[in-house]
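**Q** Return atomic coordinates for the entry below.
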Amino acid sequence: MISAVSTDRPNPVRRLPGMRDFDAGACRRKHEVERQLAEFIGRFGYSMLEVPVLETTELFLRKSGGDLASQMYSFIDPGSNAVSLRPEFTSAIMRHYLEMTRDSGESSLVRWQYCGPVFRYDTGSAADTGEFTQVGAELVGSNSILADAELLTMAAGVPDRLGIPDYRIRLADLDVLDSALDTVGLSDRAREFIVANMNRIGEDSDSLAATLQRAAELHVIAGIGLPDEEQHLAVAVSGLPDGAARSVLSGFMRWNTSADMPLGRRSPDEIVDRLLRKLRGGDASGAVERGLALAGQLASVKGDPVHALPRARSIVAAAGADTRAIDRLIDLTALIGEDPAVSRRLEIDFSLARGIAYYNGIIFDIVRGDAGTSLGGGGRYDALARALGGTAPVPALGFAFTLETLLSAMPPADQPYFDPDVAVVSPDDAGSVAKALRAVADIRRQGGVAVLEIRGDKHHTGLSGTVTE
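**A** Numbers count the residues shown, from 1 in each chain. Presented below is the predicted three-dimensional model:
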């Protein structure tokens, strides 16, 4: 019996969306730019640091917040550990710093630079999904205004070093916003919500109203947006200590569930804790509205520091807030304004939001052209150390650029990337294989490039050779 042989071929295996292949020319250009930037950042005294591509997922969740948590490539490894491909470098670098200082028993000032792949998955944009190369620097251990000035000046010099002419530096300071929100008395959760929405908030009453509605839907505002039965529960547990409130909610759950109504993967205690946070986690509606209104005033402050900063200061002062943060920002802009390459590109923009929750103090973005395509950015993150298990805050700040974006923004190379001179050694005379091997070895020892001709020929033994250059 003759069986039929299938001629079907399996579907071809394709590259994952967002992942990149670089041919020889693209690799040479990429590596040359990496070398130039490493040399440039090294002139400021920053040494190279490498950290793992794979870290525990918890490292990035501790203080990432924003959109980053939903963009991570995370999985369970063979040892049953929750791990993630790094979506950014800063958390891993702070983890390394804490381990280093824990072993030595003392804090220190360090300047590090890095370059390597990061991975993010964005369901909303194929262009923002996949593997990217980040180039950046971190200064850990100083809260000096000179540290802020050094990082900003260095970051501003990156596109200039690569010949990218049309870029701007957008600068804001979250301490200024915090000083204004201090007058309202908001919870940390409400503050984080406002910071995350700064780019959507303005003097436009419609945008403020939409953001307020969003705050209600996310239960940032107490009681608003809850279903009727949960509003009744909120009233029932108001004024009770947490232990008593949990007893009330546990009893409600036992009364409303049965064995044939599973609770899902969470335990009853976990569900009670989550419900209690939901019922009690919101701020008063009036406080959130006042906080959003103040934030909206600051978010509208944009432009030349000479005109924008006095306006921001008047908003902070009118709110009855501490003015030390805005005064420090004024001093910083005067300091970095001494560099004409920075001063002509610097603009204040309090609507700036970096999308990662660990930032405090100055934040900045470096954008290209009128379209505002982000080349890179960064800021200060003094609270990150505590979030990662440090015993005290550690003053730190840094920046990162996406190398692929820098490459696309760079002008074409003045000269094309040519292959180096290559000597081709071809064994085609009987008995000369050894001679060919000696020839390529001699050329390589002298620093040249030698290629051995090895293409097969069924009519040719391949046991011969001549040298052609």
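**Q** so where's the stretch 251-400 of the chain shaky on pLDDT?
**A** Filtered on pLDDT under 70, the stretch 251-400 of the chain yields the residue ranges 251-267, 269-270, 273-282, 354-357, 370-371.
**Q** which residues of it fall in strands?
**A** 302-303, 346-349, 360-368, 373-380, 396-402 (DSSP state E, counting those that start in this stretch).
**Q** Columns mean neighbour count and distance to residue 219 on top of those strands, output as JSON lines?
**A** Placement of C-beta: from N, CA and C, glycine included. Listed next are these as JSON lines, based on neighbours: other CB atoms under 10 Å; distance: least, CB to CB, whole Å:
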{"stretch": "strand 302-303", "mean neighbour count": "15", "distance to residue 219": "31"}
{"stretch": "strand 346-349", "mean neighbour count": "20", "distance to residue 219": "30"}
{"stretch": "strand 360-368", "mean neighbour count": "22", "distance to residue 219": "24"}
{"stretch": "strand 373-380", "mean neighbour count": "21", "distance to residue 219": "28"}
{"stretch": "strand 396-402", "mean neighbour count": "23", "distance to residue 219": "32"}
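**Q** Would you tell me which of these gets closest to residue 53?
**A** strand 396-402 (15.5 Å; CB to CB).
**Q** can you pull out the helices in the stretch 351-469 of the chain?
**A** Ranges of helices within the stretch 351-469 of the chain are 384-387, 403-409, 433-445, based on DSSP state H, counting those that start in this stretch.
**Q** helices and strands around the last one, which ones?
**A** Of the remaining helices and strands, those touching helix 433-445 by 3 or more CB pairs under 8 Å, 6 or more residues apart in numbering; DSSP states H and E are strand 422-430, strand 449-452, strand 464-468.
**Q** tell me the mean pLDDT over the first one?
**A** Going back to what we said before, that points to strand 422-430. What strand 422-430 shows for mean pLDDT is 63.
**Q** go on, stretch 58-72?
**A** 76.
**Q** In CSV, list the strands of the stretch 251-400 of the chain along with distance to residue 434.
**A** Formatted as CSV, the strands of the stretch 251-400 of the chain follow (distance: least, CB to CB, whole Å):
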stretch, distance to residue 434
strand 302-303, 73
strand 346-349, 67
strand 360-368, 57
strand 373-380, 54
strand 396-402, 50
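**Q** could I get the helices of the stretch 351-469 of the chain as JSON lines with mean neighbour count?
**A** Formatted as JSON lines, those follow (neighbours: other CB atoms under 10 Å):
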{"stretch": "helix 384-387", "mean neighbour count": "21"}
{"stretch": "helix 403-409", "mean neighbour count": "17"}
{"stretch": "helix 433-445", "mean neighbour count": "15"}
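**Q** Tell me which of the ones you listed lies nearest to residue 397.
**A** helix 384-387 (10.3 Å).
**Q** Grab the most central residue of this protein for me.
**A** residue 88 (4.7 Å; CA atoms, centre = their mean).
**Q** from what I can see that residue touches residue 71, true?
**A** No. Using CB atoms under 8 Å, residue 88 is not in contact with residue 71, being 10.1 Å away.
**Q** Residue 11: neighbour count?
**A** 6 (other CB atoms under 10 Å).
**Q** Report the secondary structure element holding it.
**A** Under the criterion DSSP states H and E, no helix or strand holds residue 11.
**Q** Out of the strands of the stretch 251-400 of the chain, which is closest to residue 30?
**A** Between residue 30 and those, the shortest separation by CB to CB is 12.2 Å, and it involves strand 396-402.
**Q** Which elements pack onto that closest one?
**A** Short answer (3+ CB pairs under 8 Å, 6+ apart): strand 396-402 packs on helix 90-104, strand 130-140, helix 145-161, strand 360-368, strand 373-380.
**Q** Show me what the nearest residue to residue 400 once chain neighbours are set aside is bridged to.
**A** When the adjacent residues along the chain are set aside, residue 400 lies closest to residue 136, with 3.5 Å between them (CB to CB, 6 or more residues apart in numbering). Listed by DSSP bridges, the beta-bridge partners for residue 136 are residue 114, residue 400.
**Q** who touches residue 136 in this structure?
**A** 89, 113-115, 376, 378, 398-401 (CB atoms under 8 Å, 6 or more residues apart in numbering).
**Q** Among those residues, which one sits closest to residue 249?
**A** Using CB to CB, those come closest to residue 249 at residue 89, 41.8 Å.
**Q** Tell me who's in contact with that closest one.
**A** 51, 114, 116, 118, 134, 136, 138, 400.
**Q** in stretch 190-203, what counts as buried?
**A** If you call a residue buried by 16 or more other CB atoms under 10 Å, then stretch 190-203 has these buried ones: 190-191, 193-198, 200-202.
**Q** Need the worst-confidence member of these.
**A** Least confident by pLDDT among the buried residues of stretch 190-203: that is residue 202, with 65.
**Q** State the distance from the closest residue in space to residue 22 that isn't next to it in sequence to residue 206.
**A** Among residues not flanking residue 22 along the chain, residue 30 sits closest, at 6.2 Å (CB to CB, 6+ apart). Plainly put, residue 30 is 45 Å away from residue 206 if you go by CB to CB, to the nearest Å.
**Q** higher neighbour count, those two?
**A** residue 30 (17 against 8).
**Q** Make TSV out of the helices and strands packed on strand 396-402 and add distance to residue 346.
**A** TSV is the format used below for the helices and strands packed on strand 396-402 (distance: least, CB to CB, whole Å):
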stretch	distance to residue 346
helix 90-104	23
strand 130-140	19
helix 145-161	8
strand 360-368	9
strand 373-380	13
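**Q** returning to that earlier point: just tell me which of the strands of the stretch 251-400 of the chain ends up closest to residue 148.
**A** strand 360-368 (5.5 Å).
**Q** Direction included, what does the closest one pair against?
**A** Strand 360-368 is paired, per DSSP bridges, with strand 167-173 (antiparallel), strand 373-380 (antiparallel).
**Q** And the contacts of residue 136, which is closest to residue 176?
**A** residue 378 (17.3 Å).
**Q** What sits closest to that closest one if chain neighbours are left out?
**A** Using CB to CB, 6+ apart, the nearest residue to residue 378 is residue 399, at 3.1 Å.
**Q** Tell me how far the one you found lies from residue 150.
**A** Counting by CB to CB - residue 399 and residue 150 are separated by 11 Å.
**Q** same question, residue 446
**A** Taking CB to CB, one finds residue 446 at 44 Å from residue 150.
**Q** excluding its backbone neighbours, what's nearest residue 337?
**A** Residue 337's closest residue in space is residue 343 (CB to CB, 6+ apart), at 4.2 Å.
**Q** Verify the stated contact: the one you found with residue 336.
**A** Yes. Under the criterion of CB under 8 Å, residue 343 makes contact with residue 336 at 7.3 Å.
**Q** out of these two, which sits in the busier spot?
**A** Between residue 343 and residue 336, counted using other CB under 10 Å, residue 336 has the larger neighbour count: 22 against 16.
**Q** which residues sit in contact with that one?
**A** 149, 152-153, 156, 342-343, 346.
**Q** May I see the domains of this protein written out as residue ranges?
**A** Structural domains annotated on the chain: 18-166+369-418, 223-280, 422-468, as defined by automatic domain parsing.
**Q** Comparing those, which comes out most buried?
**A** Mean neighbours per residue, mean count of other CB atoms under 10 Å, is largest over the domains of the chain for domain 18-166+369-418, with a mean of 16.
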